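S.K.: generate a structure from the sequence data that follows.
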Amino acid sequence: MTPFEQPVVGIGQHLLPPLPYPYNALEPVISRNTLLFHHDHHHLSYVEGLNQAELALAEARNTGDFSMVKHWERELSFHGSGHLLHCLYWTNMASPGTGSEQPFTVSQRQIVKAFGSFEGFKNQFSQAAIEVEGSGWAILAWNPAWGRLEILTAEKHQNLTNWGSIPILVLDVWEHAYYLDYQNRRADYVRRWWSLVHWANVERRLLLALPARIPLADGQII
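M.R.: Numbering: from 1, shown residues only. I've put the predicted structure just below:
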């Protein structure tokens, strides 16, 4: 099956994906209780909110009543972004000590191209995650328009994005992702999280994203 033949998710039919590992697989960095609560409750709420928003907008199209369209479009963006980013977050991680400590070949090459060195990338990504105001994410994304990687932050999932960018590696810094284990010590969580990064997954996502290019003007690719 090619990427263009992937099955389509029906309107209002999104499901909570199972974790790719047991609840205790990320210990001692992320505890079983945190992972269970985060996945089974917080992620599920985004799936349910996304389905509700899609069904409400479908009903609005059927009835022609768009009086609540602003609300439901906002809900669609918030819950949809939360669902997508959490799906990446779970698969971007693996049990401590089971994977590579460094990016794979293509990821390493693109990281050095964009940030000068792996350490430069790691330091910028970590500090971006630590300094996200309130709740949010740090995101390593492939930007098809620039033809290189970039580090973004997002608040409330959908805010402060860069249109067209494809998330490759994400770090959840909403308090529910770490507070049971680290309380207000977000920096400790970010520092220890690096031992969980599943670089094989990052490499696979980057390889899938690399062919994407965006025409910015008059059909020209930049």
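S.K.: run the chain-centre distance for the top helix by length along the chain.
M.R.: Assignment by DSSP state H gives helix 69-91 as the longest helix of the chain. In terms of CA atoms, centre = their mean, to the nearest Å, the gap separating the centre of helix 69-91 from the centre of its chain is 10 Å.
S.K.: and stretch 117-124, by the same measure?
M.R.: For stretch 117-124, the distance from its own C-alpha centre to the chain's C-alpha centre is 19 Å (CA atoms, centre = their mean).
S.K.: in it, what's buried?
M.R.: Phe121 (16 or more other CB atoms under 10 Å). Heads up, the C-betas are built off the backbone N, CA and C, glycines and all.
S.K.: for stretch 155-171, same thing?
M.R.: 155, 157-158, 161, 165-171.
S.K.: in the residues you listed, which has the lowest confidence score?
M.R.: Lowest pLDDT within the buried residues of stretch 155-171 is found at Thr161 (69).
S.K.: what about the residue nearest the centre of the chain, distance to Ala58?
M.R.: In the chain, the C-alpha nearest the mean C-alpha coordinate belongs to Leu85, at 2.9 Å (CA atoms, centre = their mean). To Ala58, Leu85 is 24 Å away according to CB to CB, to the nearest Å.
S.K.: ditto for Asn184
M.R.: 42 Å.
S.K.: looking at those two, which is more packed in?
M.R.: Ala58 (13 against 9; other CB atoms under 10 Å).
S.K.: so where does that one fall, helix or strand?
M.R.: helix 44-63 (DSSP states H and E).
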